[in-house]
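Participant: After the sequence you'll find the predicted model.
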Amino acid sequence: MKLAVADSISFGVGKDAFDALEFAVANGFEAIQYYLNDGLIVDQQKLFLLADKTHDAQIKIICHGPIPLNAVRPSQNLIDAVRILFPSQKDPAILLHHDPLCAVDIAIDAMRVWQAAGISIQLENFYPKVCDPEQAISSYISLLTKAKSAGIKVTPVLDIPRLFIRWIAEKYSSINLIKQIMEGLASVNQTIILHMIDCATPDQDRPSWRPIGQGAIPYKEIFEMIDNAGIEISTAVLEYEDRQSALDSISYFERLKKNSEHK
């Protein structure tokens, strides 16, 4: 499992991608997640430079797109931006939010647009307040299952904190929702990416953020569930805005790796 940091870590300097890369390199992160905002998408000179510097540092890139996976088609600028960031890698990919309000067949058609451009999808669970999380998870797993049957490459992305935010946690058992996802992911037998922060309260406001393992999210139980389901994690992305929480989280993953080696 690679440990990654999102460019939100450079929140204090406008989420500057180059500043985030410098932080990642200096602190031994193996991957970095760049958010493709409107300004970055159209600045090809900056994209080429960012690609060169990241690949020179031998750091894996994750591209977080600005649109969900639904009937809205990607612009050519967005497609070109992803291609620029993956000049020497075999599998360019873009991370998009699942849209639980979008029919599965329409989402499959959207995947085919990306597939035709030579770009695979990394699909993140997402729950707008108008949705039922249980139904949204069922839709998410159905989409992954249908994509696999259609020969479309999709990597699941599990945003763990999203299932523990207050509006969900007050109405549902968050850990049961995690179990529902685990059962579905095990059935499609795919390697996953994790999005992670920890927090002291389900409000998940910035002052409540804590290093992984020091907040209220039951990560020990969740990692045991992932392990028991036989699901492999390719990358865990820390989506913090403060650097100390990210740095203080590294030791958690060092312990996790050590425990795994002694099983």
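Facilitator: Perfect, thanks for sending it.
Participant: which other residues reach stretch 168-176?
Facilitator: 127, 133-134, 162-164, 177, 202, 218, 221-222 (CB atoms under 8 Å, 6 or more residues apart in numbering). For glycine as for every other residue, the C-beta is placed from the backbone atoms N, C-alpha and C.
Participant: Over to stretch 9-28?
Facilitator: 4-8, 29, 31-32, 34-35, 37, 40, 46, 50, 53-54, 57, 59, 238, 240-243, 246-247, 250.
Participant: Go through it and flag the buried ones.
Facilitator: Neighbour counts over stretch 9-28 (16 or more other CB atoms under 10 Å) mark 9-11, 15, 17, 20-21, 23-25 as buried.
Participant: And the helices in the chain, which stretches?
Facilitator: 17-26, 38-42, 44-56, 76-85, 104-116, 133-149, 166-169, 174-188, 219-228, 243-261 (DSSP state H).
Participant: mean pLDDT lowest for which of these?
Facilitator: Lowest mean pLDDT within the helices of the chain: helix 243-261, a mean of 91.
Participant: rewinding a little: pull the most distant pair out of the buried residues of stretch 9-28.
Facilitator: Greatest spatial distance among those (CB to CB): Phe11 and Val25, at 18.2 Å.
Participant: Now the terminal residues of stretch 186-197, how far apart.
Facilitator: 23 Å (CA to CA, to the nearest Å).
Participant: and the residue nearest to Glu30 when sequence neighbours are not counted, what are its bridge partners?
Facilitator: Once flanking residues are discounted, Glu30 sits nearest to Lys2: 4.0 Å by CB to CB, 6 or more residues apart in numbering. Under DSSP bridges, the beta-bridge partners of Lys2 are Thr235.
Participant: any idea how far Lys2 lies from Ala200?
Facilitator: 27 Å (CB to CB, to the nearest Å).
Participant: Same check on Gly12?
Facilitator: For Gly12, the distance to Ala200 - CB to CB - is 22 Å.
Participant: swap in Leu256?
Facilitator: Distance from Leu256 to Ala200, by CB to CB: 21 Å.
Participant: now swap in Phe86 and tell me
Facilitator: For Phe86 relative to Ala200 (CB to CB), the value is 38 Å.
Participant: do Ile62 as well
Facilitator: According to CB to CB, Ile62 stands 27 Å off from Ala200.
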